[in-house]
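Colleague: Need coordinates for the below:
(2 chains)
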Amino acid sequence: MSTPPEALAAAFARLPAHPVRTAGFARFAQTGAPDRRVEAWHYSDLAAVFDAQAAPVGAPGPAALDRALALLAALPRFADAARLVLVDGHFVASLSDAAPAGATLTPFDDALARTDAAGLFAPDGLGVGDAMVGYNSAFMQGGFLAEVAAGGTATIHVAHLATGAAGACVSRLAFRLGDGAGLDLVETFDGDRTQRHAASAFALEPRARASRVAFHAEAEGTVCVETVLADLAADSEFADFGFVADRAFTRRQPFVRQRGPRAKIALGGLSLLGGRAHADATLVVEHDSTHGESREFFRHVVADEATGVYQGKVIVKPGAQKTDGSMKSNAVLLSDGASMENKPELEIFADDVVCGHGATCGALDEAELFYLRARGIPRAVAEALMLEGFAAEALDRIAFAPARGEADRRLAAWLAARAA
Amino acid sequence: MLEIKNLVAGIPGRTIVDGLSLTVKPGEVAAIMGPNGSGKSTLSYVLAGRGDYEVTSGEATLDGDDILGLDPEERAAKGLFLAFQYPVEIPGVATMTFLKAAMNAQRKTRGEPELSAPDFLRRVREAAKSLSVDPEMLKRPLNVGFSGGEKKRMEILQMALLEPRCAILDETDSGLDIDALRVVSAGVNALRGKDRAFLVITHYQRLLDHVRPDTVHVMSKGRIVTSGGPELALELEKNGYRDHVDAA
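Modeller: Residues are numbered from 1 along each chain as shown, chains lettered A, B, ... in the order given. Below is the predicted model of the structure:
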């Protein structure tokens, strides 16, 4: 596809011009939605499920807001985190809590008008080579900018709700953390079947710390592309964890750059997949300074006809000496029809680094199952115990306690549903 | 109690247990000795129900009920316990979670109520103390990073908590130093009683110095070739298996 379909071109023409949009649309227009011929999308054929006629959904009307209220009622609270609600990609202040303590919120359009908007919403050119980052840049709307001032802290829950409106939910959020600032962020993805394109951008100044957990519980048949862009200055720390337990087509793609020395990156995920679910975690970590640390830890539990994908690319640029990188991806397949694609990659252009990776994929160990059963534990319970243990090792990467509690609850619910 | 008649079993294409018959009465401690490769461990796995072994013919009953047609968990709930020669490490499964799941699963099968948390903790603490099991071990994932001796003590701890009718100890003495052997043996002896039977599989006399058997059986080429009293073990220690094996 050399030009985007007319529906999208027309939708783009209606949006206010902005350099980030224009560059994004140009990138998307080069290839359209990627298919298997694009290496980074080889295991997730987005072109096959992408609805090229789906223009971004407009601001929600009364029916959408009613539906959003019902969806909100079923969502957990994360301790005292301020809850900010996006309906079909649009921030809705009337459904949201007051601005979170410790953070300043700027509405999306106002933020995009700022002279530093490009650096906040599309930091440091991260992900510019990806067509779907381009798509999101072209059509982004209705999110917000949250800024945590130097030395401050904030706790935020962003609820992304899809109300089944025709079209695509496209949103972008930006977070700027000042020197030494701290942010604990949870993003939840729920609602009716949709095409969702959500992106969150993070600019971390020196010594800032951000932790983020994304919970996906999308409707069956939803196509969700979730992008994370994070730019880390010296001594900052960024942690992102994706929890996927649904029957959707999910692509999570963090692009993270260590721009300053001694910054730490921790990316993790747990996917619990059944039916014909497809969950892809594809990440790019760039170490562009010295003494950086990156940890990737991903686990997939794949049942029925579902598919899991992990692609991790860690790039150690020339001069990024003393980088310490470790990448692990493990999968358990619970049926003959389940499949997993693992592709860890290291590109190292510095000579004084420690980097390693490991990937495994297999069924539950029969010797371990027999040991448990020989103690009187029925097979289904023994399997659940082992899966719980397998999954919990990934969840141990979640530092924000309320999010960990919610992850434990969702894991238990998934295991119970499987045993039933 | 445990009755095995003409049992033939093995892996596909290879018979390992070949027409074995054996009876263990309530209250009895029966020892099975034999050279490497005689089929001792296979017998223990077949009785416990491991899936990769198949039974070709023969029968095995516990308290008169067939066990060969049961799943491993059903055999355990009937009171069969296997102390593994090589206890399996299970990363991610906390030892306490496992113990509670095992005790309650068996109670559920027997129609008994679940243990309360305080009752469970008390039982585990008492058993751990008597077997010199470090409480820190109970906080770790099951058997992960345990030494050989710690793993064997954990097996006996499980046996003490599950109170089986019939326990099979598969080379529980292997890998134990003298002190650990004493602790483990004391744990086994504490569980001896008129309603409980033990099948003790070992290469060596030394375990039998501590856990004194009522009967001793020599296994060779998949069957029992000689049976006798405790004195048979002493004779084997002195003269080796050759006389019995050659006679088989």
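
Colleague: Around chain A, pick out the residues from chain B.
Modeller: By C-beta under 8 Å from any C-beta of the partner chain, the residues of chain B that approach chain A are B:48-52, B:71-73, B:75-77, B:81-82, B:84, B:87-88, B:90-94, B:97-98, B:101-102, B:105-106, B:109, B:141, B:158, B:162. All C-beta spots, glycine's among them, are computed from the backbone N, C-alpha and C.

Colleague: Quick one: buried ones out of those residues?
Modeller: Taking 16 or more other C-beta atoms under 10 Å in any protein chain shown as the criterion, what is buried in the residues of chain B next to chain A is B:48-50, B:72-73, B:75-77, B:81-82, B:84, B:87-88, B:90-94, B:98, B:101-102, B:105-106, B:141, B:158, B:162.

Colleague: Looks like A:S339 contacts A:C361 (just checking).
Modeller: No - using C-beta atoms under 8 Å, A:S339 is not in contact with A:C361; the gap is 9.1 Å.

Colleague: residue ranges for the strands of chain B, please.
Modeller: Under the criterion DSSP state E, chain B carries strands at the ranges B:2-11, B:14-24, B:29-33, B:54-62, B:65-66, B:80-83, B:166-170, B:197-202, B:215-220, B:223-228.

Colleague: which residues are contacting the fifth one?
Modeller: In this case it means strand B:65-66. The contact list for strand B:65-66 (C-beta atoms under 8 Å, 6 or more residues apart in numbering or on different chains) reads B:E59, B:A60, B:K78.

Colleague: Just the buried ones from those residues?
Modeller: B:A60, B:K78.

Colleague: ok, so of the contacts of strand B:65-66, who is nearest A:A380?
Modeller: Of all the contacts of strand B:65-66, A:A380 sits closest to B:K78, with 19.2 Å by C-beta to C-beta.

Colleague: What count of nearby residues applies to residue 37?
Modeller: The chain I'm using is chain A. When counting by other C-beta atoms under 10 Å in any protein chain shown, one arrives at 10 neighbours for A:R37.

Colleague: The chain in question should be chain B.
Modeller: Using other C-beta under 10 Å: B:G37 sits among 12 other residues.

Colleague: What of B:E112?
Modeller: Using other C-beta under 10 Å, B:E112 has 11 other residues around it.

Colleague: coming back round to it: is it possible to get the contacts of strand B:65-66 out as TSV so that each row also shows pLDDT?
Modeller: Converted to TSV, those look like this (pLDDT from 0 to 100):
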residue	pLDDT
B:E59	96
B:A60	97
B:K78	94
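
Colleague: Next one, pLDDT for the nearest residue to B:M137 once chain neighbours are set aside please.
Modeller: Setting aside the residues directly before and after it, B:M137 is nearest to B:E150 in space (C-beta to C-beta, 6 or more residues apart in numbering or on different chains), at 6.1 Å. For B:E150, the model assigns a pLDDT of 88.

Colleague: how near is B:E150 to B:R125?
Modeller: 17 Å (C-beta to C-beta, to the nearest Å).

Colleague: ok, the two, which is more surrounded?
Modeller: Set B:E150 next to B:R125 and count neighbours by other C-beta under 10 Å: B:E150 wins out with 18 against 13.

Colleague: surely the more buried one meets B:R140?
Modeller: No - assessed by C-beta under 8 Å, B:E150 is found out of contact with B:R140, at 9.7 Å.

Colleague: Please narrow the residues of chain B next to chain A to those residing in helices.
Modeller: B:48, B:72-73, B:75-77, B:97-98, B:101-102, B:105-106, B:109, B:158, B:162 (DSSP state H).

Colleague: And those residues, which is the shakiest by pLDDT?
Modeller: B:T109 (84).

Colleague: unless I'm mixing things up, that residue is touching B:A77, no?
Modeller: Yes - between B:T109 and B:A77 there is a contact at 3.6 Å, judged by C-beta under 8 Å.

Colleague: Identify the contacts common to those two.
Modeller: By C-beta under 8 Å, 6+ apart, B:T109 and B:A77 have these common neighbours: A:G376.

Colleague: What ranges does chain A have for its helices?
Modeller: Using DSSP H, the helices of chain A run over residues A:6-14, A:19-31, A:46-49, A:62-73, A:108-113, A:117-121, A:131-139, A:366-373, A:379-395, A:401-419.

Colleague: buried residues in the longest one?
Modeller: Of the residues in helix A:401-419, those buried under the neighbour-count criterion (16+ other C-beta under 10 Å) are A:P402, A:A403, A:R404, A:E406, A:A407, A:R410, A:L411, A:W414, A:L415, A:R418.

Colleague: want to throw these into a markdown table with distance to A:E237 and pLDDT?
Modeller: Putting the buried residues of helix A:401-419 into a markdown table (distance: C-beta to C-beta, whole Å; pLDDT from 0 to 100) gives the following:
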| residue | distance to A:E237 | pLDDT |
| --- | --- | --- |
| A:P402 | 19 | 98 |
| A:A403 | 16 | 98 |
| A:R404 | 17 | 98 |
| A:E406 | 22 | 98 |
| A:A407 | 20 | 98 |
| A:R410 | 25 | 98 |
| A:L411 | 25 | 97 |
| A:W414 | 29 | 96 |
| A:L415 | 31 | 95 |
| A:R418 | 35 | 89 |
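
Colleague: Which of those sits closest to chain B?
Modeller: Chain B lies nearest to A:L411 out of the buried residues of helix A:401-419, by C-beta to the nearest C-beta, at 12.0 Å.

Colleague: Next to chain B in this structure, residues from chain A, please.
Modeller: Checking chain A against chain B by C-beta under 8 Å from any C-beta, the hits are A:365-368, A:370-379, A:381-382, A:385-386, A:388-390, A:392-393.

Colleague: B:L232 reaches B:V218, doesn't it?
Modeller: Yes - here B:L232 reaches B:V218: they are 7.2 Å apart, a contact under C-beta under 8 Å.

Colleague: any idea how far A:S236 lies from A:V158?
Modeller: 21 Å.

Colleague: Ok, A:L346 next?
Modeller: Distance from A:L346 to A:V158, by C-beta to C-beta: 33 Å.

Colleague: cool, A:L415 as well?
Modeller: 27 Å.

Colleague: And A:T22, by the same measure?
Modeller: With the distance defined as C-beta to C-beta, A:T22 ends up 27 Å from A:V158.

Colleague: can you tell me which residues contact B:T95?
Modeller: B:M137, B:L138, B:K139, B:R140, B:P141, B:L142, B:N143, B:M154.

Colleague: For the residue of the stretch 201-350 of chain A found nearest chain B, report the pLDDT, please.
Modeller: Nearest to chain B, among the residues of the stretch 201-350 of chain A, is A:R299, at 10.1 Å (C-beta to the nearest C-beta). Looking at A:R299, its pLDDT stands at 98.

Colleague: quick one: contacts for it?
Modeller: A:G269, A:L270, A:S271, A:S329, A:N330, A:A331, A:V332, A:F390, A:A391, A:E393, A:A394.

Colleague: so what's it bridging to?
Modeller: Taking DSSP bridges as the rule, A:R299 bridges to A:L270, A:N330.

Colleague: higher neighbour count, A:L346 and A:V158?
Modeller: A:V158 (26 against 15).

Colleague: Tell me how many other residues surround the closest residue to chain B within chain A.
Modeller: Residue nearest to chain B within chain A (C-beta to the nearest C-beta): A:G389, separated by 2.3 Å. Applying other C-beta under 10 Å, we find 19 residues neighbouring A:G389.

Colleague: In space, what's closest to it - neighbours in sequence excluded?
Modeller: Using C-beta to C-beta, 6+ apart and skipping the chain neighbours, the partner closest in space to A:G389 is B:G92 (2.3 Å).

Colleague: Phi and psi next, for that neighbour.
Modeller: Dihedral pair for B:G92: phi 90, psi -20, per degrees, to the nearest 10.

Colleague: pLDDT wise, what is it at?
Modeller: Per-residue confidence (pLDDT) for B:G92: 87.

Colleague: any idea how far the residue nearest to B:M137 is from chain A?
Modeller: For B:E150, the distance to chain A equals 16 Å [C-beta to the nearest C-beta, to the nearest Å].

Colleague: In PDB, list the C-alpha atoms belonging to stretch A:383-397.
Modeller: In PDB, the C-alpha atoms belonging to stretch A:383-397 read as follows (Å, rounded to 0.1, in the frame of the first residue of the first chain):
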ATOM      1  CA  GLU A 383      -1.500 -27.100  36.800                       C
ATOM      2  CA  ALA A 384      -3.000 -24.000  38.400                       C
ATOM      3  CA  LEU A 385      -0.300 -24.000  41.100                       C
ATOM      4  CA  MET A 386       2.500 -24.300  38.600                       C
ATOM      5  CA  LEU A 387       1.000 -21.600  36.300                       C
ATOM      6  CA  GLU A 388       0.500 -19.300  39.200                       C
ATOM      7  CA  GLY A 389       4.100 -19.700  40.200                       C
ATOM      8  CA  PHE A 390       5.300 -19.200  36.600                       C
ATOM      9  CA  ALA A 391       3.200 -16.000  36.300                       C
ATOM     10  CA  ALA A 392       4.000 -14.700  39.700                       C
ATOM     11  CA  GLU A 393       7.700 -14.500  38.900                       C
ATOM     12  CA  ALA A 394       6.800 -12.000  36.200                       C
ATOM     13  CA  LEU A 395       4.400 -10.100  38.500                       C
ATOM     14  CA  ASP A 396       7.200  -9.700  41.000                       C
ATOM     15  CA  ARG A 397       8.500  -7.000  38.600                       C
END
